[in-house]
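A.B. asks: structure of the sequence below:
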Amino acid sequence: MSFEEALNDANVRGYFSSAQALADYAAIIIYVKQNLKASSSPVIAVGGSYGGMLALWFRLRYPHVALGALASSAPILYFDNIPPQDPYYSVVTKDFKDTSETCYQTIGDSWSEIDRVANEPNGLSNLSKMFKTCKYVV
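C.D. replies: Take a look at the predicted model:
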C-alpha cells in the first residue's frame with residue numbers, strides 16, 4: 001500500500017499519530033532488549049525540538065521502558081497542564097508572531113493563496129515545482 005493510499009484509508013490513517021509512534025518504539029525496544037539479552041540495559045530517550053517532545057512523552061507514557069529522557073530545545077515550558085492538539089505548530093506560530101506581527105500575518109494569509117493554487121488544474125504540480133519539494137506532489 002502506498003503512502004497516499006494509506007492516508008485515504010481511515011482504518012490505516014489512525015496509525016499516523018505520535019501516540020502510535022511511541023507505542024511502536026516501546027514495542028521495538030522491548031523486543032530488541034529481550035532478543036539481544038540486554039534486558040537490564042537502560043534506555044534513555046533523546047530528541048530535539050519536536051523529537052524532544054516525543055522523548056519526553058515516551059518517558060511519561062513508558063517509564064518501564066525508558067529510564068530517562070533528554071529533550072533538547074523541546075517546547076515543554078509552553079504547556080499549561082493541557083497541551084494543544086498540535087503543540088509543535090502552535091509553538092512555531094507563536095514564535096513567528098512574537099518575532100514579527102507582519103511576518104506572522106503574511107504567513108497566515110499565504111495559506112488561502114496556496115489552497116487556491118492547489119485547487120487549480122495541475123495546481124499541486126505547480127506548487128511542487130515552485131517550492132522545489134523533495135517528493136513530487138501530483
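
A.B. asks: please, where are all the strands along the protein?
C.D. replies: In the chain, the segments counted as strands under DSSP state E are 44-48, 68-72.

A.B. asks: report the angle between the first one and strand 68-72.
C.D. replies: What it means is strand 44-48. Relative orientation of strand 44-48 versus strand 68-72 (axes from the mean of the first three to the mean of the last three Cα atoms, to 10 degrees): 10 degrees.

A.B. asks: who does strand 44-48 touch, helix- and strand-wise?
C.D. replies: Under the contact criterion of 3 or more Cβ pairs under 8 Å, 6 or more residues apart in numbering; DSSP states H and E, the helices and strands touching strand 44-48 comprise helix 50-61, strand 68-72. C-beta: built from backbone N, CA, C; applies to glycine.

A.B. asks: among those, which is the most enclosed?
C.D. replies: Mean neighbour counts were taken over the helices and strands packed on strand 44-48 using mean count of other Cβ atoms under 10 Å, and the top value, a mean of 19, falls to helix 50-61.

A.B. asks: using PDB, write out the CA atom coordinates for stretch 45-62.
C.D. replies: The C-alpha trace of stretch 45-62 is given here as PDB (Å, rounded to 0.1, in the frame of the first residue of the first chain):
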ATOM      1  CA  ALA A  45      15.000   8.700  25.000                       C
ATOM      2  CA  VAL A  46      16.700  11.600  23.300                       C
ATOM      3  CA  GLY A  47      15.300  14.200  20.900                       C
ATOM      4  CA  GLY A  48      15.500  17.800  19.900                       C
ATOM      5  CA  SER A  49      12.600  20.200  19.200                       C
ATOM      6  CA  TYR A  50       9.500  18.100  18.300                       C
ATOM      7  CA  GLY A  51      11.700  15.000  18.800                       C
ATOM      8  CA  GLY A  52      12.400  16.300  22.300                       C
ATOM      9  CA  MET A  53       8.700  16.400  22.900                       C
ATOM     10  CA  LEU A  54       8.400  12.800  21.700                       C
ATOM     11  CA  ALA A  55      11.300  11.800  24.000                       C
ATOM     12  CA  LEU A  56       9.500  13.400  27.000                       C
ATOM     13  CA  TRP A  57       6.100  11.900  26.100                       C
ATOM     14  CA  PHE A  58       7.900   8.500  25.700                       C
ATOM     15  CA  ARG A  59       9.300   8.700  29.200                       C
ATOM     16  CA  LEU A  60       6.000   9.800  30.700                       C
ATOM     17  CA  ARG A  61       4.000   7.100  28.800                       C
ATOM     18  CA  TYR A  62       6.500   4.200  29.100                       C
END
